[in-house]
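> Just a sequence and a predicted model for now, questions to come.
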Amino acid sequence: MIVAFGIGLAVGVVGMGVWLWVRAYRMRQFLAYLRDSLDALASGTYRMRMYEHEGKGFLQPIADSFNRMADHVDGEIDILSGERDVLQHILHNMNTGIIYINRSGHVEMVNESAQLMFRKPLEQWTHRQHWTLFRNYNLGAAIDNALLFGAPWQSELHIRENQTAMVRLVPILSKTKSSGAAETAYDVLMLCNDVSEFRRLERMRSEFVANVSHELKTPIAAIRGFAETLLDDDIPRQTRQKFLRTIYDESNRMSALVSDLLELSRLEAEEHRVQLVAVDLPGIVHRALDRLQSVAEERQIVMRVESLPDVAVWADDDMLLQVFLNLMSNAIHYSQQGGVVSVRCEILVDRVKVHVVDTGIGIGEEHLGRVFERFYRVNRDRSRASGGTGLGLSIVKHIVTALGGEVGVKSEIGKGSDFWFTLSRLDSQLPDESEFSIV
């Protein structure tokens, strides 16, 4: 009995040992499986889940907890990824240039607007020190000051000729720890807005006010001076008449200037509300010729139409008439006695190109790019003598642009000028291919 009991006890102990070893083995397998799953999750495999496999120890409650955690992490990562994609889409489609500089002074992120603004591709930005990218001492010092002390900064930066940006530095408290100890450090968000157009408009407004003031000052001074003289009763009648004529002429000049200013203001206000209709081009040309014929005859200028096909254009008849009156009047006043002013028309594929050509004094090449600017005069004395305000060609350009066309000039000193503009054609039948002009 004792022997049998001993053998049974020994067998039981051995069996218990085997069972414990098997359980420990399976536990090691499960722990190894859990470790591998956690490593996979930590490495970015957020779809990782624990499933029971044959030959592996498996503790269902722990596996369920891991899977719930993995589901939560996976869901949060999806949300964060979606938000990141939206943020990147917004950043890279903003007109504002955005540059993110980390606490060490290296560029971590730059959007497309900043790349275009500074003319540097992405490869020249990433992980580069800011002082190698911006060769501006004040900007570099401001970035360093923001990185070290969290000091915001804002100023205009001249990037290149005709391009200016408003730069704003926004310090962001960095959460990075150094050597295990917390320390105050900042990243910097650099915002760049192109203000070149605003500055150009400000300059234009300032120049416009200065020009208007100058243009009004001369006739006002003349009127005041002659009026003060006329207050004296001892002025001879002939001199009095001469002074009154001068006052009358100067007042007409001011009236013309104010009228042109009002016309420009009206055109700017109604630029996007122009009602375009079919307009008979030959009819408009002959109306302009009739109005200016007496002026041309007085100056002994020959006016003629060289080529004017029967064609309709998409325009506004009053505005188009104003274009012809301004161009033809200019041509008359800048031509010598016995000169010729002619109008001709080219039929293009889908447009009409109209030329107003004179045999006058011509325009120097250095002036051609500016003749359509407000108050710009090639010959100031001659322009004032003819009663010009310096706004006629500016009105022409404004009208033609509002009608969807283009305007330009070719000229040579002593040989005359060719002012041209284009408008859309509306006639239903296109000319033969042999009649097309390509420009």
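The structure has been received and is ready for your questions. What you see is a predicted model, and the numbers here were worked out from it, not measured in a lab. Residues are numbered from 1 along each chain as shown.
> In the protein, spot the helix with the most residues.
helix 2-42 (DSSP state H).
> how distant is that one from the center of its chain?
Centre-to-centre, helix 2-42 and its host chain are 75 Å apart (C-alpha atoms, centre = their mean, to the nearest Å).
> Beyond that helix, next helix or strand please.
Going down the chain from helix 2-42, the next helix or strand is helix 60-92, by DSSP states H and E.
> From the contact counts, what lies against that next one?
Under the contact definition 3 or more C-beta pairs under 8 Å, 6 or more residues apart in numbering; DSSP states H and E, helix 60-92 sits against helix 2-42. In this view, the C-beta of every residue, glycine as well, is placed from N, C-alpha and C.
> on that earlier part again, helix 60-92 and the longest helix of the chain, what's the angle between them?
Here helix 2-42 points in a direction 10 degrees away from that of helix 60-92 (axes from the mean of the first three to the mean of the last three C-alpha atoms, to 10 degrees).
> got a list of what the closest residue to Arg240 other than its chain neighbours touches?
Sequence neighbours aside, Leu230 is the residue nearest to Arg240 in space, at 6.4 Å (criterion: C-beta to C-beta, 6 or more residues apart in numbering). Residues counted as contacts of Leu230 (C-beta atoms under 8 Å, 6 or more residues apart in numbering) are 240, 243-244.
> Neighbour count says what about those residues? Which are buried?
Neighbour-count burial (16 or more other C-beta atoms under 10 Å) applied to the contacts of Leu230 gives Phe243.
> And for Ala151, the neighbour number?
A total of 13 residues lie near Ala151 under the criterion other C-beta atoms under 10 Å.
> please renumber so the chain begins at 26
OK, 26 is where the count begins now, so the last one is Ala176.
> I'd assumed it was in a helix, is it?
No. Ala176: not assigned to a helix; according to DSSP: H, G, I helix; E, B strand; the rest coil it is coil.
> Can you give me the distance of it to Arg160?
Here the criterion is C-beta to C-beta, to the nearest Å. By it, Ala176 lies 21 Å from Arg160.
> Can you name the next helix or strand after the worst-scoring helix or strand of the chain on mean pLDDT?
When each helix and strand of the chain is scored by mean pLDDT, DSSP states H and E, helix 405-410 comes last, with a mean of 52. Downstream of helix 405-410, the next assigned helix or strand under DSSP H and E is helix 417-427.
> what comes up buried for that following helix?
417-425, 427.
> Could you list every helix and strand in contact with it?
Using 3+ C-beta pairs under 8 Å, 6+ apart as the contact test, the elements touching helix 417-427 are helix 262-295, helix 342-358, strand 432-437, strand 441-449.
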